[in-house]
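Engineer: Coordinates for the following, if possible.
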Amino acid sequence: MEIQLKEKLKKIKLLAMDVDGTLSDGKVYYSKNGEELKAFSIRDGMGIELLHTFGIMTAIITHETSQIVTSRAMRLKIEHVILGSKNKLKDLFSLCEQLNLSIEEVAFIGDDINDIPALKAVGFSACPRNSIKYVKDFVDYICEQDGGNGAVRELAELILDAQERDIFSIFKNN
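Structural biologist: Okay, the predicted model is just below:
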């Protein structure tokens, strides 16, 4: 990885994430009773858990207002969840103010046009491999993995590697 990108990653204290197309594969499934379902990657979940273990905060900022997102956030112990966001950048600045962080201490991963303002503002920006072309033009890093299939885990590992965190150390006493 480029030295310049690694230096940006060393400063990260918060990973903020979009949901559809990033934490999920962007597909919505409906049961015969009309219940909405989404698929999430267990690997992404472990990446978020690893970030928490090493003191990196996480947040979800999504246009969506689904109970599915709330349930997934609770399961992953993501404390900062902003649903129904009409302006992700404004919400991200508000969250930074609340957490006493500078925007340079934030990484953001998103996949679509409504994520671009936030992606352009943060200290480190990333998108899944299967993001739309316009997003790829604005990010620091394009993941090798697709949204909902390990992109968030990949970014989590990049952050932890740049900060020289030994992810295996948490298993040595087990």
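Engineer: For this structure, give me the ranges with low pLDDT.
Structural biologist: Residues of the chain meeting the criterion pLDDT under 70: 1, 172-174.
Engineer: the helices in it, which residues?
Structural biologist: Counting by DSSP state H, the chain has helices at residues 3-10, 42-53, 67-75, 88-99, 116-121, 133-136, 151-162.
Engineer: Make CSV out of those and add mean neighbour count and distance to Gly26.
Structural biologist: Any C-beta I mention is one placed from the backbone N, CA and C, and that applies to glycine too. Shown next, in CSV, are the helices of the chain (neighbours: other CB atoms under 10 Å; distance: least, CB to CB, whole Å):
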stretch, mean neighbour count, distance to Gly26
helix 3-10, 14, 26
helix 42-53, 19, 14
helix 67-75, 15, 13
helix 88-99, 16, 17
helix 116-121, 20, 17
helix 133-136, 14, 13
helix 151-162, 23, 11
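Engineer: Distance to Cys143 added to those, as JSON lines?
Structural biologist: Putting the helices of the chain into JSON lines (distance: least, CB to CB, whole Å) gives the following:
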{"stretch": "helix 3-10", "distance to Cys143": "13"}
{"stretch": "helix 42-53", "distance to Cys143": "11"}
{"stretch": "helix 67-75", "distance to Cys143": "19"}
{"stretch": "helix 88-99", "distance to Cys143": "19"}
{"stretch": "helix 116-121", "distance to Cys143": "13"}
{"stretch": "helix 133-136", "distance to Cys143": "10"}
{"stretch": "helix 151-162", "distance to Cys143": "4"}
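Engineer: Thr22: which of these is closest?
Structural biologist: Thr22 lies closest to helix 151-162 among the helices of the chain, at 6.6 Å (CB to CB).
Engineer: Can you give the contact residues for that closest one?
Structural biologist: With CB atoms under 8 Å, 6 or more residues apart in numbering as the test, helix 151-162 has contacts from 1, 5-6, 9-10, 12, 15, 17, 22-23, 41, 43-44, 46-48, 50-51, 54, 56, 107, 109, 124, 126-129, 141, 143-145, 167.
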